[in-house]
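J.: Structure for this input, please:
(2 chains)
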Amino acid sequence: MSLSMSVLLAIIVSLAAYFVAPRYVLGLVDGDRRKLASLPKQFGLSAALTVLLPALAVAGVGSVIGMFGIGLPYVVIAVAMLALLYSIVQSRPDFIARNRAERLIGFVLIAASGVAILTTIGIVFSMLFEASNFFRDYHWSDFFFSTEWSPNFRGNSALGIIPLLWGTLYISFIALVFAVPIGLFAAIYLSEYASPRMRSVAKPAIEILAGIPTIVYGLFALITVGPFLRDYFASPMGLGDSASSVMTAGLVMGVMLIPFVSSLSDDIINAVPQAMRDGSFGLGATKSETIRQVVIPAALPGIVGAVLLAASRAIGETMIVVLGAGAAARLSLNPFEAMTTVTVKIVSQLTGDTDFASPETLVAFALGLTLFFITLSLNVIALVIVRKYREQYE
Amino acid sequence: MSDAPKSLLAVDVRTKKRNAAEARFKAYGLGAIIVAVLALAILITSVFGTGLSAFRQTFITIEVPLPEAKLDKSGVRDLSVMKKVTTIGYKPLLRNGLLAAIDEAGITTDLSKKDIAKLISKEAPATVRNFVLANPDAIGGSMVFDLLANGRIDGFFKDRVTMESAALDDNTSPEALKLARDLKEAGIIQTKLNWGFLFAPDASDQRPEAAGLGVAILGSLYMMIVVLVLALPIGVAASVYLEEFAPRNRLTDIIEVNISNLAAVPSIVYGILGLAIFINFMEFNQSSPLVGGLVLALMTLPTIIISTRASLKSVPPSIRDAALGIGASKMQSVFHHVLPLAAPGILTGTIIGLAQALGETAPLLLIGMVAFVREYPAAYTPDAGLFGEASTALPVQIFNWTQRADPGFVERASGAIIVLLVFLLVMNTIAIILRRKFERRW
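T.: Numbering: from 1, shown residues only, chains lettered A, B, ... in the order given. Alright, predicted model coming up:
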């Protein structure tokens, strides 16, 4: 018997309990429901949950930690049957079934919120575990400080993260240089200048950009932006002849970040109290002077937070750089050259034939861990700044 | 001199400068919006420009003889015997059919018979073979087929292949294109709506003309079912707890910070999680929609929780108080009154989360969904379990096609993006309509 079969059986038993328990308890009082401490259907609910929850818990925990071996399905069914017996015995007229049912539902709700924590623990531990295997074979200082990346599946690879980090930061920098001014000015225009009609058209148009999957941006970089930059900028200027380049990936990523920056800044600019603007107007400042000298300084911490969040997005972005940036690990200043990023290398080391004993595969987990901590710290700093700023004006 | 009386209406130099700065500033803002909207427009036109042609395909309509001597020598129509004739055995039949059609139309060409046969897609013999195996009675007669044309011929009618590029190409020649043009005039070659693009499975590197999205769409559908079944109940339960029941303490604080951080974790990290936990540790099948769905569900969970909490928060406390006042328990007040009132908002957030999950690519690459899959995955098999059969997904299929050498796949990838964008558009429209229709201001 398979585990899913036994879980299905447990569900059927629990459904049976849902219908049987009310009948049974009504039978005890000769159908006079006034003598019951709870509504009949609460008895059903309580019995059903009493059966289902322990069975599911045993099935879940047992399958994860490998308890009971192949006997697990039978244990699950046994638990369900025992619980059924227990819930029937318990169904006395003076039993307050509602409280029992609600306490059980409460457990379910708490368990559901626990999934978020479990996910984080899962992320951190899965990467820590494999990364520690990697650092057993490969010295950590070579990983963090070596400037050479040349994996070699025959062994003896150079796996330095510096060139990958350089590519990641260079591309993110170009993306931010492009996205932050445009996003910020778009947000200023939309919140301070635009007529309601213009706002109702332009704002959704910019938000459409946010809903487009990154694979679409990746293809856009690959078939349109890359060849365009190569033919009209890189080749004529003698800077290289590669369609995939830091510039390609950076520009396209910049487009992706525009809505992100603009909607965050829009919220922040709108949070600046109108009284501050009115005060500035009263002193004779023009609208742009008010924005530059009053609104922006007041909103600055929030805007910095938004930029940090955008940076964390850019650093963690995968598909655009996989399709637009290239695969060569290189330390160079030329933006028209192909470079690669941490995320690209995670993908390339973990797809295809992988051998989870070799450092060339395991390095992906160390890369992932590094990426996770960089983005996590950026997010935390940004959230702290944004939250602090918000409290100031509320 | 400077004391000379000035009219208030005359604009002095400083004011002029300030006004100019004002106008400049406003122009920057407008410029930024124009750049953003322009980027959107270029993106859309670029994708639609290269992708729309994937929905039309060039077919060669010929009558193919189905001689019994070649297809079923024994004459007993036994399927297991007939299966021994492979697609290679069908190839000459197609060639003869095409040659006959060319003769009949009175077209002359310098091409060798072998090169003429190259006009037909390498996928076509399989089409005919499948038909024969499904209808053994057709053997002995002949049958009119709409067969796929070779990718280069298809590209020629879509302006992707030109006479000049064909001269440099090993797979086709200017003469072949000329013949194709004559055949088109004779009505033997036609360009028709390409249902195969939506329903056929992927095809190998050599035959972009036959590649379709069938398996990918099915795989994406399976994953969306898994995401919906897992993420919606868990997300709603978690939000109900955090919003309605959780005591304000350290633990709930940690959970809340945790959820907002999870929403900003790079998607590829979820892929690593899926690979390490679901595939390496729990040993689920690689490239199965189940693992893909689990990973995407974890990724979507924060989105659903955040939007569900917002809509729970917007239900006024008077509703809860009224329910409590007539003897409902806290749990009853939430499940009988608050949750139904918050449902439209929850639904909207769920659809938006699903749309995000549908377009997500990076984590799926890591759990092996890049594999080349030609069989439609079954939802359940006793061997692989629920959603356990290898599959691919829409965005991964797009990525896959961008990695292929044949230029015909660029058109396919762009076409697939149009399909993906249409799905997203439909989902988002439903979300907007729901919000408009049911949104209540208290």
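
J.: Please make it C-alpha for all contacts and neighbour counts, starting now.
T.: Will do.

J.: Contact partners for B:Ile139?
T.: The neighbours of B:Ile139, taking C-alpha atoms under 8 Å, 6 or more residues apart in numbering or on different chains as the test, are B:66-68, B:71-72, B:132.

J.: got the phi/psi numbers for it?
T.: The phi and psi values for B:Ile139, taken as degrees, to the nearest 10, are phi -70, psi 140.

J.: Return the per-residue confidence for it.
T.: Listed pLDDT for B:Ile139 reads 83.

J.: before we move on, what about B:Leu147?
T.: At B:Leu147, the model reports a pLDDT of 89.

J.: Considering the contacts of B:Ile139, which is situated nearest to B:Ala23?
T.: Using C-alpha to C-alpha, B:Val132 comes nearest to B:Ala23 of the contacts of B:Ile139, at 74.0 Å.

J.: Could you give the number of residues near that closest one?
T.: 19 (other C-alpha atoms under 10 Å in any protein chain shown).

J.: tell me which element it falls in.
T.: Using DSSP states H and E, B:Val132 sits within helix B:124-134.

J.: Tell me, please, where in the chain the pLDDT is lower than the cut-off.
T.: The chain I'm using is chain A. Flagging of chain A using pLDDT under 70 yields the residue ranges A:1, A:67, A:390-394.

J.: You answered for a different chain; I wanted chain B.
T.: Within chain B, the ranges that satisfy pLDDT under 70 run B:1-4, B:441-442.

J.: Does anything pack onto the longest helix belonging to it? Which helices or strands?
T.: Using DSSP state H, we find that the single longest helix of chain B is helix B:13-51. Applying 3 or more C-alpha pairs under 8 Å, 6 or more residues apart in numbering or on different chains; DSSP states H and E, we find helix B:13-51 packed against helix A:162-188, helix A:196-211, helix A:214-220, helix A:246-271, helix A:287-290, helix B:408-438.

J.: Give the buried residues for it.
T.: Within helix B:13-51, the residues that qualify as buried are B:19, B:25-26, B:28-37, B:39-40, B:43, B:46-48, B:50-51, counting by 16 or more other C-alpha atoms under 10 Å in any protein chain shown.

J.: quick one, it and helix A:196-211 angle?
T.: Orientation check (axes from the mean of the first three to the mean of the last three C-alpha atoms, to 10 degrees): helix B:13-51 against helix A:196-211 gives 50 degrees.

J.: how far is the very next helix or strand once past helix B:13-51 from where the chain is centred?
T.: Once the chain leaves helix B:13-51, the next helix or strand it forms, by DSSP H and E, is strand B:56-65. In terms of C-alpha atoms, centre = their mean, to the nearest Å, the centre of strand B:56-65 is found 27 Å from the chain centre.

J.: For the stretch 201-350 of chain B, what lies in contact range of chain A?
T.: Contact residues, the stretch 201-350 of chain B versus chain A (C-alpha under 8 Å from any C-alpha of the partner chain): B:234-235, B:237-242, B:255, B:258-259, B:261-262, B:264-270, B:272-273, B:276-277, B:282, B:298, B:301-302, B:331.

J.: Filter these down to the buried ones.
T.: With burial judged by 16+ other C-alpha under 10 Å, the buried subset of those is B:234-235, B:237-242, B:255, B:258-259, B:261-262, B:264-270, B:272-273, B:276-277, B:298, B:301-302, B:331.

J.: Can you list which of those are found in helices?
T.: Of the positions in these, B:234-235, B:237-240, B:255, B:258-259, B:261-262, B:267-270, B:272-273, B:298, B:301-302, B:331 sit in helices, assigned by DSSP H.

J.: thinking again about what came up before, out of the contacts of B:Ile139, grab the one that's most surrounded.
T.: In the contacts of B:Ile139, the most neighbours by other C-alpha under 10 Å go to B:Leu71, 25 neighbours.
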